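# Quick one, structure for this:
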Amino acid sequence: MKNAWIIYSSITSASRIKKICAQKSKQCIVHQTPAAMSATGCNYGIRCNQKDLPFVLDLSKELKLTIKGVYIETTNETGEVEYEKYDLPR
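Presented below is the predicted three-dimensional model:
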């Protein structure tokens with residue numbers, strides 16, 4: 001199972017998304033962004049199942065929240081976690 005990370009500039013935005021996802025029975029967790037994803041310092045993101053990514057992206061757009069980046073989290077053959085940048089649809 002792959003996870004998706006949706007990065008926001010504030011914990012408030014990430015928390016709003018988490019609350020609505022919980023109401024829709026979608027599990028999302030708010031985390032501080034791992035250093036491997038953020039060159040700009042302290043950001044917050046939602047970590048969710050990749051299958052829920054379209055829902056979270058649509059919800060973010062509906063709420064007019066700025067997304068700073070989206071990443072897919074995978075584990076390589078040696079067990080290390082890797083993050084691959086996901087290009088947002090235009």
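
# so where do the strands sit in the chain?
Across the chain, reading from the start of the chain, the strands by DSSP state E fall at 3-8, 28-32, 44-49, 69-75, 81-85.

# which residues of the protein score low on pLDDT?
Along the chain, segments meeting pLDDT under 70 span 38-41, 90.

# relative to its centroid, which residue of it is most remote?
Thr78 (23.8 Å; CA atoms, centre = their mean).

# gap between that one and Gln27?
Using CB to CB, to the nearest Å, one obtains 27 Å as the distance from Thr78 to Gln27. No exception for glycine: its C-beta is placed from N, CA and C like everyone else's.

# Need the residues that contact the longest helix anywhere in the chain.
Identified as the longest helix of the chain according to DSSP state H is helix 11-23. Where contact means CB atoms under 8 Å, 6 or more residues apart in numbering, the residues beyond helix 11-23 that reach it are 6, 8, 27-30, 44-46, 48, 52, 55-56, 59-60, 63, 65-66.

# Write the PyMOL selection for whichever of these are buried.
Here the buried members of these are turned into a PyMOL selection, burial being counted by 16 or more other CB atoms under 10 Å:
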select buried, resi 6+8+28+30+44+45+46+48+52+55+56+59+60+65
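
# For Cys21, grab the count of nearby residues.
Burial of Cys21 is recorded as 19 neighbouring residues (other CB atoms under 10 Å).

# I'm done for today, thanks for sticking with me.
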